[in-house]
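Chemist: requesting a structural model of the entry that follows:
(chains A and B)
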Amino acid sequence: MYTRIILTLALAIPCLAIAGDDKSAEEIAKYREMVSDGNPAELDEMRGEELWKTAAGTKKASLEKCDLGKGAGVVKGVYAELPRYFADTKRVQDLESRLLTCMTTLQGIPEADITSKPFSTNNYKSDIEGLVAYVVGQSKGMKMAVSLKHPKEKEAYEIGKRIFFYRAGPYDFSCATCHSENGRRIRLQDLPNLTTNIGAQRAYTTWPAYRVSQGLFRSFQWRINDCFRQQRFPEPVFGSELTVALTLFLAANANDAVYDGPAIKR
Amino acid sequence: MGSPMKIRAAVKDGITEVKILMGHAMETGLRKDAAGALVPAWFITEVTAKHQGKVVLEAQFGTAVSKDPYLVFRFKGGAKGEKVSVSWLDNKGDTRSDEVEITEKV
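Modeler: The predicted structure is shown next:
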């Protein structure tokens, strides 16, 4: 009765036990390849697209008039050019802080409602992370082209660079402590050298991403937030000037690479 | 009603390949939350795929299948524009059905 069926089941295995150091990176790459086909981030992209088009907030508006840098409502290709200077807010904004502007001004959602819980957990799906998934997916395959023309963009780059090399906290860590040498790792995770173009490109073009170990889609604000934690720094304010500057510094260093997110990470 | 599935169905040389991504927590019933309490089992038990209304795949799922399950299968037949529908049922009685049109595989 049934026609011939070939069944392939891909199970995401949260913990990989791998013996041998040099082989582990290779094995993780193979594993990424295996799971990239069914990246659950696509479910977040779908959720985000729905959120983008659905009226919400006190103003009962959708985000279809939100200007992410290429005009009201344009989503295609915007992420490859973010962060950037926005004349209406007179500041440099990354995707998340810009979405925040749109959600508060166009939809009338109180800022604290968004910033108090910006990251998803196992029992909670953050709207802003869903929106991020949708927007970044619309830049897949495009060349990173972050502008440093506007004086505020130049300034943000310099601030980002300073934060990257700024050592402080109980361990006297900076981002550079973990991310400025080739071939370094913590446990089995390779630490990208973010001071080189190739390192910044590989890392930046594959974020945001679905984290298999957490079973969740993660935004770039989350990535920075978590590295601040690893650095034993105080938790940064969501969408703050500091996080945007750091993002712009890394994004501009990734220029000319092809954006390939949302990716899948261990 | 569960969250939407992402389904792709593409035909080439008379074989249709169907890729299904299902959004589901797939709790095993063995995991504990931060407070140490067991998280109740909650998982998909049955998946059915139909081509033009005719069953082409039936699968039984259990707790060994990961969160957000991804399933790929192929069946003989199928043509551009025809429909593939997929539905699942979970142990709480929740269901979800989604449908796509078959495209031509490049």
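Chemist: show the model's pLDDT score for the residue in chain B that chain A sits nearest to.
Modeler: Closest residue of chain B to chain A, Cβ to the nearest Cβ: B:Tyr70 (3.0 Å). Where you see a C-beta, it was placed from the backbone N, CA and C, and this is true even at glycine. With respect to pLDDT, B:Tyr70 scores 93.
Chemist: give me the number of residues near residue 40?
Modeler: Because you didn't say which chain, this covers chain A. 26 (other Cβ atoms under 10 Å in any protein chain shown).
Chemist: sorry, should have said chain B
Modeler: As a burial measure, B:Pro40 scores 11 neighbours (other Cβ under 10 Å).
Chemist: separation between the nearest residue to the residue of chain B closest to chain A once chain neighbours are set aside and B:His24?
Modeler: Closest residue to B:Tyr70 apart from its sequence neighbours, by Cβ to Cβ, 6 or more residues apart in numbering or on different chains: A:Gly38 at 3.0 Å. With distances taken as Cβ to Cβ, to the nearest Å, A:Gly38 is found 13 Å from B:His24.
Chemist: the residue in the stretch 51-200 of chain A that chain B sits nearest to: what's its closest spatial neighbour, skipping adjacent residues?
Modeler: Nearest to chain B in the stretch 51-200 of chain A, going by Cβ to the nearest Cβ, is A:Asn122, at a distance of 7.6 Å. In space, A:Asn122 comes closest to A:Gly215 once its chain neighbours are excluded; the distance is 7.0 Å by Cβ to Cβ, 6+ apart.
Chemist: close enough to count as contact, that neighbour and A:Thr121?
Modeler: No - using Cβ atoms under 8 Å, A:Gly215 is not in contact with A:Thr121, being 10.2 Å away.
Chemist: quick one on the thing from earlier: quick one: residues contacting the residue nearest to A:Asn122.
Modeler: A:Gly215 sits next to A:Pro14, A:Pro40, A:Asn122, B:Lys67, B:Asp68 when contact means Cβ atoms under 8 Å, 6 or more residues apart in numbering or on different chains.
Chemist: where's the last one relative to A:Arg47, distance?
Modeler: The spacing between B:Asp68 and A:Arg47, counted by Cβ to Cβ, is 12 Å.
Chemist: okay, the two: which has more neighbours?
Modeler: For B:Asp68 versus A:Arg47, the count of surrounding residues by other Cβ under 10 Å is larger for B:Asp68: 25 against 21.
Chemist: that one contacts B:Met26, correct?
Modeler: Yes - between B:Asp68 and B:Met26 there is a contact under Cβ under 8 Å: 7.5 Å.
Chemist: burial count for residue 74?
Modeler: In the absence of a named chain, chain A is used. A:Val74 is flanked by 13 other residues according to other Cβ under 10 Å.
Chemist: correction: the question concerned chain B.
Modeler: 20.
Chemist: next, it: secondary structure please.
Modeler: With DSSP: H, G, I helix; E, B strand; the rest coil as the basis, B:Arg74 sits in strand.
Chemist: contacting residues for residue 82?
Modeler: Since no chain was named, I'll use chain A. Contacts for A:Leu82 (Cβ under 8 Å, 6+ apart) come out as A:Leu68, A:Gly69, A:Gln93, A:Asp94, A:Leu95, A:Arg98, A:Val146, A:Ala251.
Chemist: meant chain B, my bad for not saying
Modeler: B:His51, B:Gln52, B:Glu101, B:Ile102.
Chemist: the third one: neighbour count?
Modeler: Pointing back at B:Glu101 there. By the criterion of other Cβ under 10 Å, B:Glu101 has 11 neighbours.
Chemist: quick check, it in contact with B:Ile7.
Modeler: No - in this structure, B:Glu101 is not within contact of B:Ile7 by Cβ under 8 Å, at 10.0 Å.
Chemist: which one in the contacts of A:Gly215 is the model shakiest on?
Modeler: Lowest pLDDT of the contacts of A:Gly215: A:Pro14, 38.
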